[in-house]
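A.B. asks: Next input, structure requested:
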Amino acid sequence: MESPLLLFPQLNISASKDKSYYKVMKPAHKEEANKASKPGAKQKRNRLSLLLQKTEFHEDVHLGKAANLKKAASVSPEEAVKWGESFDKLLSQKDGLDAFTKFLKTEFSEENIEFWIACEDYKKSKTTHELLPKAKTIYETFIQKDAPKEVNLDFHTKEVTSQSIKQPLISTFDAAQSTVYKLMEQDSYPRFLRSDPYLNLVQGRNPSRPAMRRRSRSFTVNDFQDVRPDFTIW
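C.D. replies: Presented below is the predicted three-dimensional model:
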């Protein structure tokens with residue numbers, strides 16, 4: 001005897017009411033739903049891998065910062081002590097000038113030392129033909145109103161310097177350079193001597209190998225708050 005058929009006119013198909021059809025189809029749908037909702041072993045391993053990479057990234061950043069300080073490590077404590085004897089001695093040493101420049105950059109006032117260096121270079125000019133283009137560059141960079149690296153000068157000093165630019169001499173920037181020098185000597189220089197980078201050099205510490213506690217690879221509860229234990233994957 002043939003099995004009765006149930007017609008679905010709206011779909012234009014027919015399906016058998018044979019019980020075996022339901023026995024085969026129902027378990028298949030349930031199994032696919034379980035696979036979709038249950039996190040697999042591969043997914044959990046990927047999550048662990050991401051957490052490990054995050055930890056290693058932070059360690060690499062610290063190591064990269066330490067590598068940038070290797071040059072400062074070549075300065076002996078004796079040499080660093082001499083920098084504290086006077087501002088002149090600090091600026092007369094190349095390593096001291098570099099260290100002070102880096103310090104001013106952390107305070108966003110490097111235009112002062114850059115102006116001083118430009119003036120020192122300007123005074124080394126050997127001919128009058130060199131003075132005019134150099135004087136114009138220094139004036140437009142550091143002195144004129146709204147200059148990209150304008151230094152802090154009083155009105156009188158700025159006015160005298162501006163007038164001297166028309167016919168520049170070796171002494172054109174002497175007054176302005178002296179003003180900026182005193183500002184650095186009385187303000188920035190004392191702070192530099194109290195800064196951690198300078199004190200580390202004086203005490204013979206190696207900034208390229210800072211005392212850094214290695215981050216543990218153990219994870220916190222928050223890292224696994226969404227993960228449920230599944231011992232079948234191990």
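A.B. asks: next helix or strand past the helix or strand harbouring Glu79?
C.D. replies: Assigned by DSSP states H and E, Glu79 falls within helix 77-83. Going down the chain from helix 77-83, the next helix or strand is helix 87-92, by DSSP H and E.
A.B. asks: So for that next one, what gets flagged as buried?
C.D. replies: Neighbour counts over helix 87-92 (16 or more other Cβ atoms under 10 Å) mark Phe87, Leu90, Leu91 as buried. Bear in mind the C-beta positions are built from the backbone N, C-alpha and C, glycine included.
A.B. asks: average model confidence for the very next helix or strand once past it?
C.D. replies: Downstream of helix 87-92, the next assigned helix or strand under DSSP H and E is helix 94-106. Helix 94-106 shows a mean pLDDT of 97.
A.B. asks: hey, C-alpha coordinates of helix 94-106 in CSV?
C.D. replies: Extracted as CSV, the C-alpha positions of helix 94-106 are listed here (Å, rounded to 0.1, in the frame of the first residue of the first chain):
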residue,chain,number,x,y,z
LYS,A,94,78.3,68.1,22.1
ASP,A,95,76.7,65.4,24.2
GLY,A,96,75.6,68.0,26.8
LEU,A,97,74.1,70.2,24.1
ASP,A,98,72.2,67.2,22.6
ALA,A,99,71.0,66.1,26.1
PHE,A,100,69.8,69.7,26.9
THR,A,101,68.1,70.0,23.5
LYS,A,102,66.2,66.7,24.1
PHE,A,103,65.1,68.0,27.5
LEU,A,104,63.8,71.2,26.0
LYS,A,105,61.8,69.2,23.5
THR,A,106,60.0,67.6,26.4
